[in-house]
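> Quick one, fold the following:
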Amino acid sequence: MKAMMDEAMKMGMMPNSKNTRILSDFTGGAYRLVMETGFDSLADFEKELAADMSKPEFQEWYKKFIEHVDSGHREILKVVV
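Predicted structure coming up:
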């Protein structure tokens, strides 16, 4: 999985955010990957997401990535402190 994320970063397919962190959890019987990004507004996030997901190279990369995914969800959080 790390190699796939490195490939995405190298190809410029990661969100152009204020900060990006890729976190992994190896505890218990499961494997989890968390991608944390920061944007000034929800509109900025939506614009970046639409631009990234429309790229043909992202779509090809995602076909390979999704083979390793059992499930997923998205949370949109607001920093309060």
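> so is the residue nearest the centre of the chain in a helix, a strand, or just coil?
The residue lying closest to the centre of the chain (C-alpha atoms, centre = their mean) is residue 35, at 4.6 Å. Assigned with DSSP: H, G, I helix; E, B strand; the rest coil, residue 35 falls in the strand class.
> shouldn't it be in contact with residue 22?
Yes - contact criterion C-beta atoms under 8 Å: residue 35 and residue 22 qualify, at 5.6 Å. In short, each C-beta sits where N, CA and C put it, glycine included.
> Packing partners of the helix or strand that residue 63 is a member of?
Residue 63 belongs to helix 56-66 when assigned by DSSP states H and E. Where contact means 3 or more C-beta pairs under 8 Å, 6 or more residues apart in numbering; DSSP states H and E, helix 56-66 is packed against helix 2-10.
> Quick one: mean pLDDT for the helix it packs on?
Taken as a whole, helix 2-10 has a mean pLDDT of 81.
> next one: stretch 21-37
According to the model, stretch 21-37 has a mean pLDDT of 80.
> measure that stretch end to end?
Distance across stretch 21-37, first residue to last, is 7 Å (C-alpha to C-alpha, to the nearest Å).
> Contacts made by it with the rest, please.
Defining contact as C-beta atoms under 8 Å, 6 or more residues apart in numbering, one finds that stretch 21-37 is touched by 1, 5, 15, 17-20, 45.
> ok, now with 10 Å
1-2, 4-6, 8-9, 14-20, 38, 45, 48-49, 65, 68-70, 72, 74-75, 77 (C-beta atoms under 10 Å, 6 or more residues apart in numbering).
> And the residues you listed, which of them are buried?
Among those, those buried by neighbour count (16 or more other C-beta atoms under 10 Å) are 5, 8, 14-15, 17, 45, 48, 65.
> before we move on, the earlier item: relative to the whole chain's centre, how far out is the helix holding residue 63?
Relative to its chain's centre, helix 56-66 lies at 12 Å (C-alpha atoms, centre = their mean, to the nearest Å).
> What of stretch 7-23?
Between the centre of stretch 7-23 and the centre of its chain there are 7 Å (C-alpha atoms, centre = their mean).
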